[in-house]
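Asker: model the following, please.
(2 chains)
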Amino acid sequence: MSGSLNVAAATPIIIVAGTATLAFGVGLLPGRGVRRHGPALTSMAGIIAAVVMSAVLWGDRQEAFGGGFRADRFSLLMNMIFLGSAFLTLMLAWREPAAVDRRGEYAGLLMISVSGMMLVAGAGDLISIFLGIEVLSVALYVLCALEIWRERSLESGLKYLITGAVGASILLYGLTMLFGATGTTSLDAIGTALQGTSFTDEPLVIAAMALIAGGLAFKASAVPFHMWTPDVYEGAPTTVTGFMSTAVKAAAFAAFLRLFTGVMGDLQPDWSVAIAVLATASIVVGNVAALVQTNMKRLLAYSSIAQAGYLLIGVAAGSIDGAEAIAYYLIVYGLMTMAAFAVVIIREREVEDGDSIGALAGYGRARPVYGVVLTLSMLSLAGFPPLSGFIGKFLLFGSAVENDLTWLAVVGAVGSMVSLAYYLRVVTVAWMPQPDSEPRKLLTVPGPVAIATVTCGVGIVATALFASPLIDACRGAAQSLLAP
Amino acid sequence: MPWVSIIVLLPLLGALSMLAVPAAPAGLRQARIHAIATAGGTVVFTAILIGLFDQSAPNLQYIDHVGWAEQVGLAWDVGVDGISLWLLALTAGTFLLAVLGACWRPPERPRAFLALLLLAEVGLIGLFAAGNLVLFYVFWEAMLVPFYFLIGMWGGAGRARANITFVIYTMVGSLLMLVAILATAFVARDITGQFTFQIRDLAGVAFTDTQSTWLFLGFALAFVIKLPLWPFHGWLPGVYRAAPILVTGLLAAVMSKAGAYGLLRIGLPVFPEGADRFAIPIGVLAVAGIVYGSLVAWRQPTMRGLVAYSSVAHLGFIALGIVAFDVQASQGAVLQMVNHGIVVLATFAIVGMLNRSATDDRIDEIGGLADGAPRMAGVFLLVTMAALAIPGANTFVGEFFILTGVFRHNVWLAVLACIGIAYAAVYMLRLYQRTMNGPPRGDARAVELRAGDLMLLVPLVAAMLFIALWPKALVDATTPAIEQNIAPAQVAADRPADQIAGDIPANPPADAKPLPGDDDEAEAAAGAGTGTGTGTGAP
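Answerer: Model (predicted):
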């Protein structure tokens, strides 16, 4: 089907991009209620439509725009992750000042960012990948700085802009070199050109690989390209932080899988060491730094660095099993991270410094439901069986062991052990007796926020109980990466 | 009827039902009913299972197998054999007593306490029933969380430090075990062509010596930490001191058996060559633990410390019995697991009661209580006799079995282990004499047994007497399963054929399923697989 337009395959991304435009428009309408909630509701409707279209398209690969964009099981599964994450973010941002007082900017930018992610996941061409990364990043630079009345938020946006630009330029340089080495930008053609080669034959590809890995590591916040993460995560509006740590990470790993497992599969013995080093560094730095954090958002930032390390284990494996494990882990990681951020968001509305760990003291007793969600999320992030985080790590470590990287699985296991110390600390604080000095301060939680929080909690358990069909879907997605 | 699944999941139901119970004091009555009903129900179902159990079958019985994520080898797979049957009974029984104890004298926040006790029960029962390595790991980890909270929220001084030490020690072992589990499955797949985590399908896989050694080491580290074997016992004294005494009793009575059980259920049958290579080192550490634990127990100023270190010594005996690769010694080890569980729970219960007068837990705070508390003195004497394994006591039978079996293969280890028996008399009698005899000190009225105390102690003493009088009831049921489980290790250790009674399992079994997508690979491996294997996982 190469060469034809085939717009049908691109319907989900077109819907999302259209919704973004619509959301900006709705934000300008008169009427306070419409202005405040209209954009979010419009976007939610668009997301549902896009999810439905993605489900309809589920099947073998279809190409659109002459091969520049493709809809295969992998990109569609990733779409679901991005869209789900955006939907939860919109629910959590219900009545947040940043979301409702800015005339549709919040919802519109969020949808633009999602469309960029979908472009990355469905890329059939180096240019699509770069375009997607840029679209998603530019929208996020603005989203981070959306609470313009807070210096921290502005600082966060600026920091993300600068580091993001550096990362993007490194990535672009790498993509250029790949083009130089193979003479084409089409992923399929590059894959054919690299078949059966190794780095020793192609010195240019080594440089390309290193630069691409570095550029994507910026987006995935893997060590040593992580230094922006804690500051940006702490400063950005918490709903945006939640979105960044789930959807953006998923997009970065979609690009990793497309380029490394999908295109450079034959070179796996050569590049897996480099990725493994990134993974090890992320696991070590993320987990050790998280031990001493007192701010929940910073703790989750370092935890997300460590989690990027676990995910990189699946990239290093370079096999279908690795990709399958990453797809599954991205789904559950999204749920558990969103759950954690949701509790922080609820607490932030109630008290001044709601994002410090101390603010959660006794919260489990004051609000048992959210306490349970937080506990589930923390235990699952730590990889505690039988929660879904455990199954995800089990798959990731399994893919490493299968591909002769047992040492990497050991590193991951030891990292998980260290991570337990800080995850359990949060749980302990949440179930401690409430300090008597200050009066208990609880506000009613808006309905959508409560629903989103509980959904995440239920999702953590459901993805563990019904892991089997989900893993099948992930396997289908992983296989489509390598399908001709 | 899925008996085993019911036994595993009933306490979980009880724990979840606590969510529907209003907080104390309004819900105390309801919480008690829920907890006693589910813990009691577990005991009843276990009793039924014991009645139905076929004593002559060596393999797992009453297997419940339900797919969870079968494509990656995860499954709910539980069953019992002669080894796990008695550990199930021990767990169900001790937890019922613990729940009764907690209901009799409710701690702060009784609802949460009871729910966590029941969750811990799920973890332990599930562990003893698991037939799948991943499920085994799931329960192995899952029991850590309730114990963590029980210690952290209801513990005494020094609990935070003790808790962290406990978690770190355990996790070091268990996460390496997770990697070892994965490596086992993949290495076994390269050899047999079947991808499986079922313990019964992995037993008898022809690992090379190197693979077997490394994989055994990955598992054994987790087991010896949990046991704990000297010198991996660093977490034990702090935790036993800081935890609420009820929880300490459970840790010593049941959780410590998880490590020994793992060695016997996974270590010996699946990695016989590795087990053979480490048999002597583990045996030496076990004997060192016996001597060290006994000596330290003798010099302990506190009662809990004394019992904690005596536990290290007793668990050394159990480990020694397992690595002897002898049917009789292993029978003794299984019997001793049950015996030690009962005796140490009774001892900790008595220490808890003595603590009513000796609030600092120091032995020199009290003395001469026999006069004012005759019932206490009587029961305590019985328990002391059982703890020091006096001939005629239930523990004597177990230790005698173990020592006979060990003597057959390694005289020196047996001789050195005997020192432990002598020392047990020294430290246990010291504890009894200091507290019960001599000039009176402390409040005898406070320590005298009351109805609630008797409710806890009478069943334990009755169980001790029952096993002392009729150990055959327990031992006979274990024979076929033990013969089967230690046979591979006996072969690896070149034991004479007349000692090996069990069958060596043959793998690959016919009904194991390969991974989807691995069909070609599996066929190729099965075609080429001559039993030597070209494994990957072991470095």
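Asker: quick one: residues contacting residue B:218.
Answerer: By Cβ atoms under 8 Å, 6 or more residues apart in numbering or on different chains, residue B:218 lies in contact with B:176, B:177, B:179, B:180, B:183. For the C-beta atoms, the positions are set from N, CA and C on the backbone; glycine is no exception.
Asker: who wins on neighbours among the residues you listed?
Answerer: residue B:180 (30 neighbours; other Cβ atoms under 10 Å in any protein chain shown).
Asker: from memory that residue sits against residue B:213, does it?
Answerer: No - judged on Cβ atoms under 8 Å, residue B:180 makes no contact with residue B:213 at a distance of 11.5 Å.
Asker: show me what from chain A comes close to chain B.
Answerer: A:320, A:379, A:384-386, A:390-391, A:394-395, A:397-398, A:401-402, A:404, A:406-407, A:409-410, A:413-414, A:416-417, A:420-421, A:424, A:428, A:431, A:465, A:467-468, A:471-472, A:475, A:479 (Cβ under 8 Å from any Cβ of the partner chain).
Asker: and residue 79, its phi and psi?
Answerer: As the question left the chain open, I've gone with chain A. Main-chain torsions, residue A:79, degrees, to the nearest 10: phi -50, psi -40.
Asker: switch to chain B, please.
Answerer: Dihedral angles for residue B:79 - degrees, to the nearest 10 - are phi -170, psi 180.
Asker: and it, how many neighbours?
Answerer: With other Cβ under 10 Å as criterion, residue B:79 counts 20.
Asker: can you give me the pLDDT of it?
Answerer: Predicted confidence (pLDDT) for residue B:79: 89.
Asker: likewise the one 5 residues further on?
Answerer: According to the predicted model, the pLDDT of residue B:84 comes to 90.
Asker: quick one, what contacts it?
Answerer: B:128, B:129, B:261, B:265.
Asker: cool, residue B:370 as well?
Answerer: So residue B:370 contacts B:376, B:377, B:436, B:437 (Cβ under 8 Å, 6+ apart).
Asker: burial measure for the first one, as a count.
Answerer: Other residues near residue B:376 come to 23 when the count uses other Cβ under 10 Å.
Asker: correct me, but it touches residue B:353?
Answerer: Yes - with contact defined as Cβ under 8 Å, residue B:376 reaches residue B:353; the gap is 6.9 Å.
Asker: what do the two both touch?
Answerer: By Cβ under 8 Å, 6+ apart, the residues touching both residue B:376 and residue B:353 are B:447, B:449.
Asker: now name the helix or strand holding the residue lying closest to residue B:227 once chain neighbours are set aside.
Answerer: In this structure, residue B:227 finds its nearest non-sequential neighbour in residue B:259, 3.5 Å apart by Cβ to Cβ, 6 or more residues apart in numbering or on different chains. Assessed by DSSP states H and E, residue B:259 sits inside helix B:256-262.
Asker: now residue B:76
Answerer: Element membership for residue B:76 (DSSP H and E) is strand B:74-80.
Asker: could you do residue B:63 as well?
Answerer: strand B:61-69.
Asker: in that strand, what counts as buried?
Answerer: Buried residues in strand B:61-69, counting neighbours by 16 or more other Cβ atoms under 10 Å in any protein chain shown, are found at B:61, B:62, B:63, B:64, B:68, B:69.
Asker: dump those to JSON lines, plus pLDDT and distance to chain A.
Answerer: Converted to JSON lines, those look like this (pLDDT from 0 to 100; distance: Cβ to the nearest Cβ, whole Å):
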{"residue": "B:61", "pLDDT": "84", "distance to chain A": "24"}
{"residue": "B:62", "pLDDT": "88", "distance to chain A": "22"}
{"residue": "B:63", "pLDDT": "85", "distance to chain A": "19"}
{"residue": "B:64", "pLDDT": "86", "distance to chain A": "16"}
{"residue": "B:68", "pLDDT": "83", "distance to chain A": "7"}
{"residue": "B:69", "pLDDT": "81", "distance to chain A": "4"}
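Asker: and of those, the nearest to residue A:75?
Answerer: residue B:69 (23.8 Å; Cβ to Cβ).
Asker: mind listing what residue B:290 touches?
Answerer: Contacts of residue B:290 by Cβ under 8 Å, 6+ apart are B:313, B:316, B:317, B:320, B:416, B:417, B:419, B:420.
Asker: so which of those belong to helices?
Answerer: B:313, B:316, B:317, B:320, B:416, B:417, B:419, B:420 (DSSP state H).
Asker: thought residue B:173 was touching residue B:140, still the case?
Answerer: No - contact criterion Cβ under 8 Å: residue B:140 and residue B:173 do not qualify, at 9.3 Å.
Asker: give me the common contacts of these two.
Answerer: residue B:222.
Asker: neighbour-wise, which of these two wins?
Answerer: residue B:140 (26 against 23).
Asker: quick one: list the elements packing against the helix or strand containing residue B:414.
Answerer: Residue B:414 belongs to helix B:411-436 when elements are defined using DSSP H and E. Other elements packing on helix B:411-436 under the criterion 3 or more Cβ pairs under 8 Å, 6 or more residues apart in numbering or on different chains; DSSP states H and E are helix B:272-298, helix B:303-323, helix B:374-387, helix B:394-409.
Asker: hey, which of those is tucked in deepest?
Answerer: helix B:303-323 (a mean of 28; mean count of other Cβ atoms under 10 Å in any protein chain shown).
Asker: can you check what angle separates the very next helix or strand once past that helix from helix B:303-323?
Answerer: Sequence-wise, the next helix or strand downstream of helix B:303-323 (DSSP H and E) is helix B:327-354. Here the directions of helix B:327-354 and helix B:303-323 differ by 170 degrees (axes from the mean of the first three to the mean of the last three Cα atoms, to 10 degrees).
Asker: mind listing what's buried in helix B:327-354?
Answerer: For helix B:327-354, by 16+ other Cβ under 10 Å, it's B:327-354.
Asker: give the contact list for residue 405.
Answerer: No chain was given, so I picked chain A. A:272, A:276, A:313, A:316, A:317.
Asker: nope, chain B please
Answerer: Residues near residue B:405 by Cβ under 8 Å, 6+ apart: B:321, B:324, B:326, B:327, B:328, B:329, B:330, B:331, B:332.
Asker: hmm, the fourth one is touching residue B:486, no?
Answerer: Yes - Residue B:327 lies in contact with residue B:486 (Cβ under 8 Å); the separation is 6.7 Å.
Asker: what does the average pLDDT come to for stretch A:240-247?
Answerer: pLDDT averaged over stretch A:240-247 gives 93.
Asker: show residues contacting that stretch.
Answerer: A:81-82, A:85-86, A:88-89, A:92, A:98, A:110, A:113-114, A:117, A:140, A:143-144, A:146, A:232-234, A:236, A:297, A:300-301, A:304, A:333-334, A:337-338, A:341-342, A:345.
Asker: if you drop the residues flanking it in sequence, what lies closest to residue B:449?
Answerer: residue B:375 (4.5 Å).
Asker: I'd assumed residue B:448 was in contact with that neighbour.
Answerer: Yes - here residue B:375 reaches residue B:448: they are 6.1 Å apart, a contact under Cβ under 8 Å.
Asker: thinking again about what came up before, quick check, the strand holding residue B:76 touching chain A?
Answerer: Yes - using Cβ under 8 Å from any Cβ, strand B:74-80 comes into contact with chain A via residue B:74.
Asker: okay, now residue B:299: neighbour count?
Answerer: 11.
Asker: now it: phi and psi?
Answerer: phi -100, psi 10.
Asker: please apply the same query to residue A:125.
Answerer: According to degrees, to the nearest 10, residue A:125 has phi -160, psi 150.
Asker: give the contact list for residue B:409.
Answerer: Residue B:409 makes contact with B:324, B:325, B:326, according to Cβ under 8 Å, 6+ apart.
Asker: oh sorry, the question was meant for residue A:420
Answerer: Residue A:420 neighbours (Cβ under 8 Å, 6+ apart): A:382, A:384, B:167, B:171.
Asker: which residues touch the helix holding residue B:259?
Answerer: Residues outside helix B:256-262 that contact it (Cβ under 8 Å, 6+ apart): B:83-84, B:87, B:90, B:124, B:127-128, B:136, B:140, B:143, B:219, B:222-229, B:311, B:315, B:318-319, B:322, B:333, B:337, B:340-341.
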